[in-house]
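Quick one, fold the following:
(one chain, ligands or ions: 1)
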Amino acid sequence: MDFSEDAPVRTALLLALLANAVAVAADAKRPNILFVLVDDQSPFDLKAYNPKSTLQTPTIDRLVARGMTLDGAYHMGSFSGAVCTPSRHMIMSGRTVWHLPIAPGAAQKKLSPPDLEKNTLAAVFNRVGYKTMRTCKVSNSYPAANKQFTVVKDATKRGGTDATGSAWHGQQVLDYLTQRETNKDADPFLIYFGFSHPHDTRDGTPELLAKYGAVNHTDKTTLPPANAKAPALPVNYLPAHPFPHGHPNLRDEVAVSGVWEKRDERTIRNELGREFACSENIDTQLGRVFDKLKTMGELDNTYVIYTADHGMAIGRHGLQGKQNLYEHTWRVPFIVAGPGIKAGTRAKGNVYLLDTLATLCDLAGINPPDSNEGTSFKPVLMGTSDTVRDVLYGTYSGGTKPGMRCVKKGDWKLIKYDVLNGKIHETQLFNLADNPHEFLAEHHDPKVMAHSGAKPTKGQVNLATDPAHAKKRAEMEALLLAEMRRLDDPYRLWDQPADGLTPPGEPKKKK
Ligand SMILES: [Ca+2]
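Numbering: from 1, shown residues only. Presented below is the predicted three-dimensional model:
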């Protein structure tokens, strides 16, 4: 036998065997994923983003210590007052906001592929052998994508007891993990660990409400009691927004139980106390699940992601809801720990929630579906890159059209308001390095400062009409228009070219 001729064949065989062995070994170590999504939480509630916050979250603090915190994580926006709904569609599908199946005009213009749910988070992970489970609230979500999970334990739980509140969601995950132990299930898991809180109604447990000096206030005719233990007003608190936000009678601004249209100090501090009580309860539930994973020996091989579907105002800028594009509401908390992520690190990121699908696929070593438009930020998590993009775009057009738009690049951010049928045309320009809380002239009012304790410096104002920044404003205006065109935004603002568009729901204009 002539071995010299056989050698390449044997080498090839050996290499194939080796590759197979490596694949099997990699397969055996496929990471688990625990995706935690809370409902309505400003990053500035958390100590990780606001060291002055009095909210205590020991479990999240430990997650921060063993993983990476992203300072630039955003949701792309909403065309509906129910901001949750597009946000959750983006998370599940990796589609940009105007390319969602539910986006106004998207179906007619075929901007969204058919049967998208078959390429959403759980469906993608089911196909590669992951076990998928979810618990979350029910409404304002993406039902077709939620159904793809093999185990679904959804219910809306916003009460102040274990059976009616966040502990219920925690218990569903614990029960699922126990079942895995019983079944000796060795397949990797993807668990979507969603909560119904701190979304209103913010009925906390009696112990936590007492801790944060709050009550479940239900009487619209009275104010909640003043309590020194209640969280301080947010630094950018205002008693009213300086101009109409453009969504008349918006539920979140006028009808949330405990707040209604009130923006006085007692009401806002009480509501923040309720929010904190609900957020600490969530933290407790995370602790229970992390402990269980540790006991099972699974924690070190699990990517834990902590985020929210969008931020929240609660008194910031005189607003109460989630229908604005200030940083407290446009941004979300985003903390990740898991294999290969250096402990206690931070990065800018500049990520959108819609990048989640691509990133989780990348972390699991699988290809994202063709319908995905998000960008994996695994390089950021692994410390080889600080950001995945330079420019970020946001929209809120759930009220009068076209609504609000914003764009951010570097430290600069532009927000525009074109609402109430042309009655409101406003532009704001901020340098977020100089003015991170987006202070306006109204924040300089001594009466406001006496409540908020803020001491804004002279330059911490809206710079849009400052001639010294005219060039920067023009640059940001051009950038916003470019993003609106790139992302198929179906609207244009009053001072932008019409681009021949017929906005959704309007009769086609004659040529
Ligand atoms: Ca929400």
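
for Gln323, phi and psi?
In this entry, Gln323 is assigned phi and psi values of phi -100, psi 60 (degrees, to the nearest 10).

Tell me the confidence at it?
According to the model's per-residue confidence, Gln323 sits at a pLDDT of 98.

got it, and Asp2?
Model confidence at Asp2, expressed as pLDDT, equals 45.

Which residue does the chain have closest to the ion?
Cys84 (3.5 Å; CB to the ion). All C-beta atoms are positioned from the backbone trio N, CA, C, and that covers glycine.

Now do the residue nearest to that residue when sequence neighbours are not counted, the pLDDT please.
Nearest residue to Cys84, sequence neighbours excluded (CB to CB, 6 or more residues apart in numbering): Asn140, at 4.0 Å. What the model reports for Asn140 is a pLDDT of 96.

residues contacting Asn140?
With contacts taken as CB atoms under 8 Å, 6 or more residues apart in numbering, Asn140 has the following neighbours: Ala82, Cys84, Thr85, Arg88.

pLDDT, distance to Leu272 and secondary structure for those - can I get that in CSV?
Formatted as CSV, the entries for those read as follows, by pLDDT from 0 to 100; distance: CB to CB, whole Å; DSSP: H, G, I helix; E, B strand; the rest coil:
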residue, pLDDT, distance to Leu272, secondary structure
Ala82, 97, 23, coil
Cys84, 98, 20, helix
Thr85, 98, 25, helix
Arg88, 98, 25, helix
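
What is the burial count for Leu286?
Applying the criterion other CB atoms under 10 Å, we find 25 residues in the vicinity of Leu286.

Spit out the contact partners of it.
Leu286 is in contact with Val36, Thr59, Ile60, Leu63, Gly170, Phe193, Tyr306, counting by CB under 8 Å, 6+ apart.

Could you tell me which of those residues are located in helices?
Filtering these for membership in helices, criterion DSSP state H, returns Thr59, Ile60, Leu63, Gly170.

Mind picking the two most distant members of these?
Of all pairs drawn from the ones in helices among the contacts of Leu286, the greatest distance, 15.2 Å, lies between Leu63 and Gly170 (CB to CB).

returning to what we had before: tell me the one of the contacts of Asn140 nearest Tyr237?
Within the contacts of Asn140, distances to Tyr237 taken as CB to CB reach their minimum at Cys84, with 24.4 Å.

Go ahead and confirm that closest one touches Asp39.
Yes: Cys84 is within contact range of Asp39, at 6.7 Å (criterion: CB atoms under 8 Å).

which residues are common contacts for those two?
Between them, Cys84 and Asp39 have His199, Asp309 as joint contacts when contacts are counted by CB under 8 Å, 6+ apart.

higher neighbour count, these two?
In terms of neighbours (other CB under 10 Å), Asp39 is the more surrounded of Cys84 and Asp39; the figures are 27 against 24.

how distant is the strand ranked longest in the chain from the center of its chain?
Once the chain is assigned using DSSP state E, the strand that runs over the most residues is strand 189-198. In terms of CA atoms, centre = their mean, to the nearest Å, the centre of strand 189-198 is found 13 Å from the chain centre.
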